[in-house]
Each structure stands twice: as C-alpha cells, then as structure tokens.
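Colleague: Using only what follows, build the 3D model:
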Amino acid sequence: MKELETNIEGLLLIEPRVFRDERGYFYESFSTEKMAAIGLNETFVQDNESLSQKGVIRGLHFQAPPYDQGKLVRVVKGAVLDVAVDIRVGSPTYGSFFAVELTEHNKYMLFIPSGFAHGFATLEENTLFQYKCTNGYNQQSEGSVNCMDPEIGIIWPFSSPLLSEKDLEAKPLSELISPFKYAK
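Modeller: As a prediction, this is how the structure comes out:
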C-alpha cells in the first residue's frame, strides 16, 4: 500500500497494490500490518455498506465525541466523488475540503479521521460503497453540514442531487458549533 498526498493534515489517500492478469485482479483491501506501515494505526469496530443510484449525495456527516468516528472508505462497484471537510476548530485548514474520485477501477481508499464531515456523490448507477469505522453508530451524536454550502465551495458533479430529508435540513458551516478541536 502506498500513501498519496492530500492537502489536509490527517487525511490519508491510500493506493493499494493491485495484481492484475488475464483472470482479473487481486488486492488486499485491508491489512493491519500494511496500514500501520503507512501510519494508520486505528482499530476498526464496524463495517458499513451503502448502495446508491447515480446522482445521490450522502453527507456531509460526522459523529460528535465521545462517539466520533474515523472512517476508511472505498468503492466496491461504481464510482463516487468522495469529500472530507475539516471541521476541527483551530485547524489551519478549517472549512477546507479534500475531494477525490474513488472507483472500482482505481481501488483508492481514503481514511477520514475524527474531526471531519464526510460525504460522497455517486457518479454511476448501483454504486456500492463500503467503509470501516473506528466507533459504532450513535444517533444522538450525529451531525451534518450542508453539502451545498457555498462557503465551503464543493463543486459537485450535478446541480440537482437526490438528498435525504436529513441532508436537506443540514445547516451551513457558518452555523456549526463544532465539537472538534485541532491538536497538533
């Protein structure tokens, strides 16, 4: 596995080693030892999966402490524009985002630590998205930031996405009282 550069401290873009031949491909999608070798020493306690049609945006979501989560995300089938927004108070990149296309072909994975709001837009029909979490889900601690907030400035691949009721009601970043503090 190889770590690729991101513009925000804490985010890890990971390119796995994929072995391809006439039969298809093989790769390790997760290895504690190989993740530790690139600096990812997290304990994952829950795996989640979602199926979405093209044109869906899920997010920007987070969970507040003590139920905050780090997530290791990847696409099994299809493609997404994956986005992480820094919501750590005091961070030099507070309010900044990192976006990357994760696809079934490039096999990239993104680790999003606690202190980020996360979301993705599905670029293909029947996109299968998986993620490992460092903490379980807790409904009372969930929060969100409006994915269409012009202050953040994410350029989504479509102007009229399909959003959940929760995401339609999300507040802009300027109204967020972030529960996360930046720690060097």
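
Colleague: Next SSE downstream of the biggest helix by length in the chain?
Modeller: Scanning the chain for the longest helix, with DSSP state H as the assignment, gives helix 32-37. On the C-terminal side of helix 32-37, the closest following helix or strand by DSSP states H and E is strand 46-52.

Colleague: what are the pairing partners of that next one, and which direction each?
Modeller: According to DSSP bridges, strand 46-52 forms sheet pairs with strand 127-133 (antiparallel).

Colleague: So for the longest helix of the chain, mean pLDDT?
Modeller: The predicted model assigns helix 32-37 a mean pLDDT of 92.

Colleague: Contacts for it next, please.
Modeller: Residues outside helix 32-37 that contact it (C-beta atoms under 8 Å, 6 or more residues apart in numbering): 1, 14, 28, 41-42. (Each C-beta comes from the backbone N, C-alpha and C, glycine too.)

Colleague: Against Arg74, how distant is Gly55?
Modeller: To Arg74, Gly55 is 21 Å away according to C-beta to C-beta, to the nearest Å.

Colleague: do Phe19 as well
Modeller: Phe19 sits 17 Å away from Arg74, going by C-beta to C-beta.

Colleague: Between these two, point out the one with more neighbours.
Modeller: Set side by side, Phe19 and Arg74 show more neighbours around Arg74, with 23 against 10, by other C-beta atoms under 10 Å.

Colleague: Name the nearest residue to the more buried one, ignoring sequence neighbours.
Modeller: Taking C-beta to C-beta, 6 or more residues apart in numbering, and ignoring the residues beside it in sequence, Arg74 has Met109 as its nearest neighbour in space, at 4.4 Å.

Colleague: hang on, the one you found packs against Lys71?
Modeller: No - under the criterion of C-beta atoms under 8 Å, Met109 is not in contact with Lys71, lying 10.1 Å apart.

Colleague: Residues touching the helix or strand of the chain with the lowest mean pLDDT, excluding its own?
Modeller: For the chain, scoring each helix and strand by mean pLDDT, DSSP states H and E identifies strand 2-4 as the least confident one, at a mean of 90. Strand 2-4 is contacted by residues 12-17, 38-39, 108 when judged by C-beta under 8 Å, 6+ apart.
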